[in-house]
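Visitor: model this:
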Amino acid sequence: MTAIKHALQRDIFTPNDERLLGIVNVCKAGKKKKNCFLCATVTTERPVQVKVVKVKKSDKGDFYKRQQTWELRDLTEVDAKDASKENPEFDLHFEKVYRWLASSTAEKNSFISCIWKLNQRYLRKKVEFVNVSSQLLEESVPSGESQSVAGGDEDALDDYQELNAREEQDIESMMEMCEYAISNAEAFAEQLSRELQVLDGANIQSIMASEKQVNILMQLLDEALGEVDTIEGKLSSYEEMLQSVKEQMDQISQSNRLIQISNTNNGKLLDEIQFLVNYMDLSKGHIRALQEGDLTSPKGIEACINASEALLQCMNVALRPGHEKLMAVTQQQLLFAELRDTFARRLTNHLNNVFVHQGHDQSSTLSQHTAELMLPKHSPLHRDLLRYAKLMEWLKNTHREKYEGLSRTYVDYMSRLYEREIKEFFEVAKIKMAGTTKEAKGKFATLPRKESALKQETESLHGSSGKLTGSTSSLNKLTVQGSNSRRSQSSSLLDMGNMSASDLDVADRTKFDKIFEQVLSELEPLCLAEQDFISKFFKLQQHPTVMPPLAQPETEEPDGNMPSRMAPQAEHRHSLSSEKDMVRLMMNKIFQSIETELNSLIALGDKIDSFNSLYMLVKMSHHVWTAENVDPASYLSTTLGNVLVTVKRNFDKCISGQIRQMEEVKISKKSKVGILQFVTGFEEFAELAETIFRNAERRGDLDKAYVKLIRAVFMNVEKVASESQKTPRDVVMMENFHHIFSTLSRLKISCLDAERREAKHKYTDHLQSYVINSLGQPLEKLNHFFEGVEARVAQGVREEEVSYQLAFNKQELRKVIKEYPGKEVKKGLDNLYKKVDKHLCEEESLLQVVWHSMQDEFIRQYKHFEDLIGRCYPGSGITMEFTIQDMLEYFSSIAQSH
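Guide: I've put the predicted structure just below:
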């Protein structure tokens, strides 16, 4: 066991810095397997770790290997199975119970004792030891003594020094040479001592005998040192010779390096000179073109463009460090600056002259367009100026001040030109719109001072008989009058003060629509062409962050008001985010009068006829939609969008005016109501609107107006019906809602489907109500009698017992029936027909419809009376004095006679 313990310590535990303290040869209880060893070990490093290791011999049998390891602190119980008898079995309780069978009881007890000592010293843990004898656990020994015992073992282990392999081999060979090495250790030790003394003596004698040889060795060393000194002297002389050679080689190398640097510098100098010659030399032809080039002919302009581009390239060349110190470079830069300033001055003067010259030519042709509603075309001016577009781009990149000055000059001059043209153009449009031509003067002879009214559109046009009072869409304090035709009732919808409604017919509105469309059609290409020209000529599409040329602050107008379309002075000091904003700024300055003139024209058209707002809304919406599709941020799109807001406001005002006139309607107390004026007015409005808004982009605006108007119509029809004294309420409601239903069904306005159904429902309800109320009069006593019969039945009287009631017996029934013979019934129906004819108006032609409904209701009542007679007076033989066939003849003959 000692040899095994030594082998395990050497092969397994020493490499892992562990010491083996206890060992037992075991196998698992109840199983026939190979034996293994349980080893109790501690580590040599602090803190000390105590482990139980299972070691097994390899299958080949050459060496041992570690199979499993447990920490001693994980041990909870040691079971020795039997304390009184010798039993090699024992159990160790770790995470589970391990059952072992030791090779002998003594090994088991020794291992358990070792485990107990290690637990006591290192872990201070009371592991439960079951079935272990008290002697084995050394319970009689005090804790201090037991610790000292364990400590002695530990100290002995600390002094132990393991033999290496060679020492073991020497000991074994020496013990083999002595036969009694094991049987008589003392004799063996004495022998070893004697041999050691002999060896010590031999060593001393050997040292003394070697002194002479040492002296010889010292002599040889002295001779060797002399030879070394000789060699060092030779090496020093060689070194001196090599040093002179090195100095000469260094001089040669330095000369070669200087030559190489000189060549390199010459090459770089040549490159620099070549660079300056190539990029900073301007040909004489270019210089001549910049100084004297012809800016009027196409060839001269082309030469100036090429020369300016070459000059710009020379000025923008990226000079290398040090170039600016060269005198030649400085002189060239001064020459380039002088050429740039000279050409910029020539170009600016020439373009200013071109602006003035072309402007005069354009002004001379302006009078040719005044008679016609046309704006002068500026395409010749644009075409001539676009030849200088590249030169403007050069001026923009080289001389910003002159570029901005030229831009301001163009904008200022063109703004005056366009303002004059647009003002005259709109004057012609207003004259044509108001009809101040010879034909229109004859048509509107009752309107004095028409031209003065055109110039003062902001003046109120209501109240004076000599001016336009009212509008076609206002219902103009409607008064219900007994007229003979639907046309005369709705004529007030087109009331224009002194003008009759017939003067403002479809032809007049169509003429206005064409004039307004022509105005927009003339303005749109004009603005688009000018904006396209500005972008191309001033090259604003190239650099998104370029400052706008309109940097000069706007001056106040004589009346102290700032121009409406220009930004405040402070805004000119801020850079614009995109060149679209710059183009729009220039367009705002050039066309600053367009929005004002358009609003003035719209106001005039609205005052002539507020229905014109429908035409203007459709046309303006279409042009805004077209402009936004081209460029949502363009000047044209923005301006037309602003004007569209005004048109939409006028349209809303028109609708509000109609609703207000509906609310102010007054009816006559002496004549029947008939179809209300605002009902026919809504019909004409809807017919006109559907014609105008067919395929329009802003259909939603009209739909909203429809809903507002129809709700107002419904409300005011009910209001008038409630206030009517001459005509029954049901008749007013029935006729007007029938008219509304017919109008909506004919026009098929989808957004008013719910109102159409509501109108039909109201018409039907009031027709039925009127029929029932009217039919109660011809057979009044008969109605009252049977109402009493039904009341008795409702109170609980049996139907067959009603005839026994005093007020409702058979005699009373016969008496009531005799009061209504066929002749009387026919007479009553004839009076009823006359009364209905008096109530109803001729426009709706509802008399036969009402009469037919009365016939059906009368037949229904007749059948109801016969049913009550059959149920309440059975077997009495009582019948009405006229039959259903008689009634049909009565109704037919009355209708034919009238």
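
Visitor: what residue ranges in the stretch 51-200 of the chain score low on pLDDT?
Guide: The model of the stretch 51-200 of the chain has pLDDT under 70 over residues 61, 125-126, 138-162, 181.

Visitor: Sketch out the strands for it, chain order is fine.
Guide: Taking DSSP state E, counting those that start in this stretch to define them, one finds strands in the stretch 51-200 of the chain at 64-71, 77-79, 89-93, 97-102, 128-130.

Visitor: Distance check, residue 209 against residue 217.
Guide: In this view, residue 209 and residue 217 are 14 Å apart by C-beta to C-beta, to the nearest Å. In short, each C-beta sits where N, CA and C put it, glycine included.

Visitor: can you check residue 413 too?
Guide: Distance from residue 413 to residue 217, counting by C-beta to C-beta: 121 Å.

Visitor: So for the two, which residue has more residues nearby?
Guide: Neighbours per residue (other C-beta atoms under 10 Å) separate residue 413 from residue 217, with residue 413 holding more: 16 against 10.

Visitor: from memory that one sits against residue 357, does it?
Guide: No - with contacts counted by C-beta atoms under 8 Å, residue 413 stays clear of residue 357, the gap being 11.2 Å.

Visitor: Residue 533: helix or strand, and which one exactly?
Guide: Following DSSP states H and E, one finds residue 533 within helix 506-537.

Visitor: ditto for residue 882
Guide: Taking DSSP H and E as the criterion, no element holds residue 882; it sits outside all helices and strands.

Visitor: How about the one 5 residues further on?
Guide: Taking DSSP H and E as the criterion, the element that holds residue 887 is helix 884-897.

Visitor: rewinding a little: would you mind giving the strands of the stretch 51-200 of the chain as JSON lines with distance to residue 392 and mean neighbour count added?
Guide: As requested, those are exported to JSON lines (distance: least, C-beta to C-beta, whole Å; neighbours: other C-beta atoms under 10 Å):
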{"stretch": "strand 64-71", "distance to residue 392": "93", "mean neighbour count": "13"}
{"stretch": "strand 77-79", "distance to residue 392": "105", "mean neighbour count": "17"}
{"stretch": "strand 89-93", "distance to residue 392": "103", "mean neighbour count": "20"}
{"stretch": "strand 97-102", "distance to residue 392": "102", "mean neighbour count": "17"}
{"stretch": "strand 128-130", "distance to residue 392": "107", "mean neighbour count": "15"}
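
Visitor: so which of these comes closest to residue 249?
Guide: When the strands of the stretch 51-200 of the chain are ranked by distance to residue 249, counting by C-beta to C-beta, first place goes to strand 64-71 at 70.2 Å.

Visitor: Remind me what the helix or strand encompassing residue 380 packs against, helices and strands.
Guide: Under the criterion DSSP H and E, the helix or strand holding residue 380 is helix 379-385. Taking 3 or more C-beta pairs under 8 Å, 6 or more residues apart in numbering; DSSP states H and E as contact, the helices and strands that helix 379-385 lies on are helix 327-364, helix 506-537.

Visitor: what angle do the longest one and helix 506-537 make?
Guide: Our comparison of helix 327-364 with helix 506-537, counting by axes from the mean of the first three to the mean of the last three C-alpha atoms, to 10 degrees, yields an angle of 160 degrees.

Visitor: How far does helix 327-364 sit from its chain's centre?
Guide: Averaging C-alpha positions (C-alpha atoms, centre = their mean, to the nearest Å) puts helix 327-364 49 Å from its chain's average.

Visitor: neighbouring contacts of stretch 185-201?
Guide: Counting by C-beta atoms under 8 Å, 6 or more residues apart in numbering, the neighbours of stretch 185-201 from elsewhere in the structure are 174, 175, 178, 180, 181.

Visitor: Please read the previous query as pertaining to stretch 809-820.
Guide: By C-beta under 8 Å, 6+ apart, the list of residues contacting stretch 809-820 from outside reads 779, 781, 782, 785, 803, 869, 873, 876, 878, 880, 881, 882.

Visitor: Flag every buried residue along that stretch.
Guide: By neighbour count on 16 or more other C-beta atoms under 10 Å, the buried set for stretch 809-820 is 813, 816, 817, 820.

Visitor: Please save the CA atoms from it in CSV.
Guide: The C-alpha coordinates for stretch 809-820 follow below in CSV (Å, rounded to 0.1, in the frame of the first residue of the first chain):
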residue,chain,number,x,y,z
ASN,A,809,-129.7,52.4,-32.4
LYS,A,810,-131.0,51.4,-35.9
GLN,A,811,-133.4,54.3,-36.1
GLU,A,812,-130.7,56.8,-35.5
LEU,A,813,-128.5,55.1,-38.1
ARG,A,814,-131.3,55.2,-40.7
LYS,A,815,-131.9,58.8,-39.9
VAL,A,816,-128.2,59.7,-40.5
ILE,A,817,-128.0,57.7,-43.7
LYS,A,818,-131.1,59.4,-45.1
GLU,A,819,-129.4,62.7,-44.8
TYR,A,820,-126.9,61.6,-47.4
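
Visitor: so for that stretch, what's the average pLDDT?
Guide: Looking at stretch 809-820 alone, the average pLDDT works out to 84.

Visitor: Extract the CA atoms of the helix holding residue 380 and return them as PDB.
Guide: Output in PDB follows, covering the C-alpha atoms of helix 379-385 (Å, rounded to 0.1, in the frame of the first residue of the first chain):
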ATOM      1  CA  SER A 379     -41.300  86.000 -76.400                       C
ATOM      2  CA  PRO A 380     -39.200  88.200 -78.800                       C
ATOM      3  CA  LEU A 381     -37.600  90.000 -75.800                       C
ATOM      4  CA  HIS A 382     -37.000  86.700 -74.100                       C
ATOM      5  CA  ARG A 383     -35.500  85.100 -77.200                       C
ATOM      6  CA  ASP A 384     -33.100  88.000 -77.600                       C
ATOM      7  CA  LEU A 385     -32.100  88.000 -74.000                       C
END
